[in-house]
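Trainee: build the 3D model from these lines:
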Amino acid sequence: MDCSPGSWLRAPDSVLNVGLTGNIASGKSTVVELFRKWGATVIDADALAREAEAPGGAVLAAIARRFGADVLAQGGSLDRAALRAKVMGDDAALAALNAIVHPAVQQRRLELQRAAAERGDAIVINDIPLLFEVLDPAQFDAVVLIDAPVPLRRTRLRTLRGLSNEEADRMITAQMPAERKRPLSRHVVENDGTLAELEKKAQRVFAALRQQAARAGVRTEAPDQTLVLCALGAKDAAAPVLKAIERRYTDAGMRIEYATVKSLGKILKTITPLSIVATADAEDGARMAWEAAVPPRPCRLYHLSPDPDPIAVRLDLRPWGHDRVALSEEDGAGLAPRADLL
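Mentor: Got it, this is the predicted structure:
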């Protein structure tokens with residue numbers, strides 16, 4: 001397998017594949033946990049590396065052959081401090097280590113990305129400390145860099161890890177300077193203030209990622225077109241699933257119009273929506289209005305159902321803040337699944 005940076009496989013197109021990185025003591029881990037709390041799927045490169053380096057595996061055996069048996073602790077696990085001492089400040093040794101570990105990590109990352117796509121996850125955050133050092137940033141749909149001034153990072157290393165200034169500087173200079181990473185990053189989060197300030201900055205970036213993820217599903221459609229959500233009445237229209245669909249497609253640049261079974265026919269006389277989504281209670285009424293429109297059946301009609309016919313399911317949707325939703329398309333039985341509502 002070609003493991004050069006340019007050969008890395010991309011994540012499935014249905015997932016917004018985000019690379020998130022930051023130099024040591026930048027606050028990267030704090031932002032990752034915020035993104036996780038807000039609904040992103042997180043793939044932790046360090047955790048994957050530890051998994052790959054487990055005793056008994058081919059990766060650990062290759063590390064021991066290259067760097068010597070003294071990088072193994074009693075019991076056969078990796079002595080990370082001993083290995084760090086051998087590669088710190090030695091570019092050739094670090095490159096050799098990366099060549100051993102990163103192909104296995106990348107393969108496992110791709111497996112997890114595919115699993116996320118199959119679940120209908122919208123945003124995958126790849127937490128990768130050495131993203132620019134060992135990968136091609138072009139493999140990601142967006143790159144987020146967390147950064148902080150070097151003096152502040154040095155202070156954090158002294159305070160939080162008990163390092164001396166010399167030890168802190170050695171760890172800081174071992175990484176590519178953030179100044180080289182900033183022009184290659186779509187989003188830069190400046191972590192030079194309080195935790196509350198960091199959270200506000202991270203929220204703005206996450207909102208932008210959510211819009212990008214939503215728009216990715218409808219990239220072939222012009223913005224400002226209409227999606228109609230049809231319910232039986234006011235109580236049915238307040239269903240959380242409709243509100244979740246509204247949030248997702250508003251982020252995608254679509255105009256959302258609510259209708260009841262009684263008002264749908266009138267709406268279809270004035271606009272031609274790209275799609276209609278009807279609740280289970282509104283299914284029959286929505287179908288009648290859709291068929292009675294002029295011209296009849298002017299757009300796609302989907303039905304929400306707690307137990308949809310698996311043969312007729314055309315779309316598995318994961319709207320914001322809601323579990324995965326299966327929708328049946330009118331006259332869609334036996335046809336290939338669609339990628340999105342529109």
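
Trainee: would you confirm that Q211 contacts D251?
Mentor: Yes: using C-beta atoms under 8 Å, Q211 is in contact with D251, at 4.6 Å. (C-beta placed from N, C-alpha, C; glycine too.)

Trainee: just say helix, strand or coil for E257.
Mentor: strand (DSSP: H, G, I helix; E, B strand; the rest coil).

Trainee: and the closest residue to E283 other than its chain neighbours, what pLDDT?
Mentor: Using C-beta to C-beta, 6 or more residues apart in numbering and skipping the chain neighbours, the partner closest in space to E283 is H303 (4.8 Å). pLDDT, H303: 89.

Trainee: for the stretch 151-300 of the chain, which segments count as strands?
Mentor: With DSSP state E, counting those that start in this stretch as the criterion, the stretch 151-300 of the chain has strands at 187-190, 226-231, 255-260, 275-278, 300-304.

Trainee: who does the fourth one touch, helix- and strand-wise?
Mentor: Using 3 or more C-beta pairs under 8 Å, 6 or more residues apart in numbering; DSSP states H and E as the contact definition, the elements that strand 275-278 packs against are strand 226-231, helix 283-292, strand 300-304.

Trainee: do the same with the last one
Mentor: The contact analysis (3+ C-beta pairs under 8 Å, 6+ apart) places strand 300-304 against strand 275-278, helix 283-292, strand 325-329.

Trainee: that older thread, more neighbours: Q211 and D251, which one.
Mentor: Per other C-beta atoms under 10 Å, whichever of Q211 and D251 has more neighbours is D251, with 18 against 15.

Trainee: low-confidence regions, this protein specifically.
Mentor: Applying pLDDT under 70 to the chain flags the ranges 1-14, 217-223, 306-318, 321, 337-342.

Trainee: returning to what we had before: among the helices and strands packed on strand 300-304, which is the most enclosed?
Mentor: A comparison of these by mean neighbour count, using mean count of other C-beta atoms under 10 Å, puts strand 275-278 on top with a mean of 27.

Trainee: V42: what's it in contact with?
Mentor: Residues in contact with V42, defined by C-beta atoms under 8 Å, 6 or more residues apart in numbering, are 32, 35-36, 124-125, 127.

Trainee: check S305 too.
Mentor: For S305, the contacting residues are 280, 283, 326, 328, by C-beta under 8 Å, 6+ apart.

Trainee: tell me the one of the residues you listed nearest S164?
Mentor: For the contacts of S305, the residue nearest S164 by C-beta to C-beta is A326; the value is 57.8 Å.

Trainee: where's that closest one relative to P183, distance?
Mentor: From A326 over to P183 the distance is 43 Å, taken as C-beta to C-beta, to the nearest Å.

Trainee: which strands or helices does the lengthiest helix in the chain pack on?
Mentor: Longest helix in the chain, counting residues (DSSP state H): helix 91-119. Packing partners of helix 91-119 (3+ C-beta pairs under 8 Å, 6+ apart): strand 41-44, helix 45-52, helix 58-67, helix 80-87, strand 123-127, helix 131-134.

Trainee: check the ones you listed for me and report the most buried one.
Mentor: Scoring the helices and strands packed on helix 91-119 by mean neighbour count under mean count of other C-beta under 10 Å gives strand 123-127 as the most buried, with a mean of 24.

Trainee: which other helices and strands contact it?
Mentor: Other helices and strands packing on strand 123-127, by 3+ C-beta pairs under 8 Å, 6+ apart, are strand 16-22, helix 28-37, strand 41-44, helix 45-52, helix 91-119, helix 195-216.

Trainee: mean neighbour count, the ones you listed: which tops it?
Mentor: Among those, the stretch with the highest mean neighbour count (mean count of other C-beta under 10 Å) is strand 16-22, at a mean of 27.

Trainee: would you mind getting the angle between that strand and strand 123-127?
Mentor: Calculated by axes from the mean of the first three to the mean of the last three C-alpha atoms, to 10 degrees, strand 16-22 forms an angle of 30 degrees with strand 123-127.
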